[in-house]
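Participant: Quick one, what's the 3D model for this:
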Amino acid sequence: MASFGCAIALGAGVLLASGLVISLAGAVMDTPEATAPDEVEGIDPTLLQAYVQGPQFLEAPEFEQCTGLRWQVLAGIGSVESDHGATSTIHPDGTTDPPSVGPTLDGSGVGDNLTPHYDTDGGKWDGDDVYDAAVGVTQHLPANWDRYGVNARGGTEADPHNVFDSVASTAVELCQSAQGAPVDFTDRGDLENALYRYNPAWWYVEDVLAEVDRYDTLHPGTGTSVAGPVSPEGITAAEWALQQVGKPYVWGGTGPDGFDCSGLTQQAWAAAGVSIPRVTTDQYTAGDRVSLDELAPGDLLFYDTRPYAPGDPPTHVTMYVGDGQMINAPSTGQDVRVEAVDGTFYAPRFMGAVRPSP
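Facilitator: Purely as a prediction, here's the structure:
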């Protein structure tokens, strides 16, 4: 029987093991400096600057338990929460005119809210001294603002109607709402849980993740610089693969409802008009070898996952999608997901990377 080169069953304890830190960051990204696109369609330049600076706020020692936050996550939240402050003029100093204030949370069902949120700020931020409303481009409840609000501009009072404060405070809340537990924002599960804490509705989590994935695809590598060239085919393959996130792993699956690891990568490159072999061992020899510091979206990463998978190595393949992330159809019982290239399970089992030839 031909091996499809994917793990059969990896226990959650193996995938989520902590305490052992194996970092390929220096190898994957030769120059891991924070970079950002010059512009992003639909985002005011000042707000984009706030999104880019937001993760830097977590570099303070008190947030050392939280790692991997990037501007695309904050932009995903801002997109869903306020359409990037579309109803306000955003001034260069970050102030918004008029202030961004959400629906009154009086339990009437507006904004999907059925529980009254009575006033907690005397109307200071939302202009209502009876009920609360979320405020700022990333929509903070006044009670949460009192707990997590920070001044990112070096002034005295944090202001949710300043985009720099609003976005930085979102970063702080995503971190501190875990109550001291480690949060790795490059881990899809950690990110999902953080977003759910921010707004406890799974439809909301899905909407934000869709926006995050879109920004990751349109602007790959802009959370951290990417050394490798970016090809249109590679971008198309990565974008197609990201659209499969959440679909189940299926042994021998080539879609559309489920995939194994090599079925996902084969079909992603097929969507880009490029034919590659079906199984992992054949994909490993089809294309040009690239080093970790040359990775670009669409590149295939190969692993020796024995004894969790049968056959000769490589026994598993994933696809690089930019910003130190890869898309992965892991094993039976799990779904297609995005995770860090330097994760503790896969990094020490890495064998090589290949760029399919258009």
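Participant: Spit out the contact partners of the nearest residue to Gln72 once chain neighbours are set aside.
Facilitator: Spatial nearest neighbour of Gln72, excluding adjacent residues (Cβ to Cβ, 6 or more residues apart in numbering): Tyr215 at 4.0 Å. From N, CA and C alone the C-beta is placed, and that goes for glycine too. Residues near Tyr215 by Cβ atoms under 8 Å, 6 or more residues apart in numbering: Val40, Trp71, Gln72, Ala75, Gly76.
Participant: In helices only, show me those.
Facilitator: Among these, DSSP state H puts Trp71, Gln72, Ala75, Gly76 in helices.
Participant: Looking at these, which is nearest His161?
Facilitator: For the ones in helices among the contacts of Tyr215, the minimum distance to His161 (Cβ to Cβ) is 18.7 Å, reached by Ala75.
Participant: how many neighbours does the nearest residue to the closest one once chain neighbours are set aside have?
Facilitator: Setting aside the residues directly before and after it, Ala75 is nearest to Tyr51 in space (Cβ to Cβ, 6+ apart), at 4.8 Å. Residues within reach of Tyr51, counting by other Cβ atoms under 10 Å, total 29.
Participant: roughly how far apart are Glu62 and Ala168?
Facilitator: Using Cβ to Cβ, to the nearest Å, Glu62 is found at 13 Å from Ala168.
Participant: Show me which pair in the ones in helices among the contacts of Tyr215 is furthest apart.
Facilitator: Spatially, the most separated pair among the ones in helices among the contacts of Tyr215 is Trp71 and Gly76, at 9.6 Å (Cβ to Cβ).
Participant: Which one of the two is surrounded by more residues?
Facilitator: Applying other Cβ under 10 Å to Trp71 and Gly76 shows that Trp71 carries more neighbours, namely 29 against 23.
Participant: ok, that one touching Pro55?
Facilitator: Yes: at 6.4 Å, Trp71 counts as touching Pro55 under the criterion of Cβ atoms under 8 Å.
Participant: to the chain's geometric centre, what's the distance from stretch 42-54?
Facilitator: 17 Å (Cα atoms, centre = their mean, to the nearest Å).
Participant: domains for the chain, by residue range?
Facilitator: For the chain, automatic domain parsing gives the domain ranges 12-17+228-355, 34-100+135-218.
Participant: okay, now Pro307: neighbour count?
Facilitator: The burial count for Pro307: 7, using other Cβ under 10 Å.
Participant: So that it lines up with my notes, have the first residue be 275 from now on.
Facilitator: In the new count, where the first residue is 275, that last one comes out as Pro581.
Participant: Confirm that it lies within a helix, as I assumed.
Facilitator: No: under DSSP: H, G, I helix; E, B strand; the rest coil, Pro581 sits outside any helix and is assigned coil.
Participant: Retrieve the pLDDT associated with it.
Facilitator: Predicted confidence (pLDDT) for Pro581: 86.
Participant: worst-scoring helix or strand of the protein, pLDDT-wise?
Facilitator: Least confident helix or strand, the chain: helix 299-302 with a mean of 24, by mean pLDDT, DSSP states H and E.
Participant: Could you look up the next helix or strand downstream of it?
Facilitator: Under the assignment DSSP states H and E, the closest C-terminal helix or strand after helix 299-302 is helix 319-327.
Participant: Buried residues in that following helix, which are they?
Facilitator: By 16 or more other Cβ atoms under 10 Å, the buried positions in helix 319-327 come out as Thr320, Leu321, Leu322, Gln323, Ala324, Tyr325, Val326, Gln327.
Participant: what would these look like in TSV with pLDDT?
Facilitator: Below are the buried residues of helix 319-327 laid out as TSV (pLDDT from 0 to 100):
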residue	pLDDT
Thr320	94
Leu321	96
Leu322	94
Gln323	91
Ala324	94
Tyr325	94
Val326	90
Gln327	90
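Participant: Thank you kindly, that will do.
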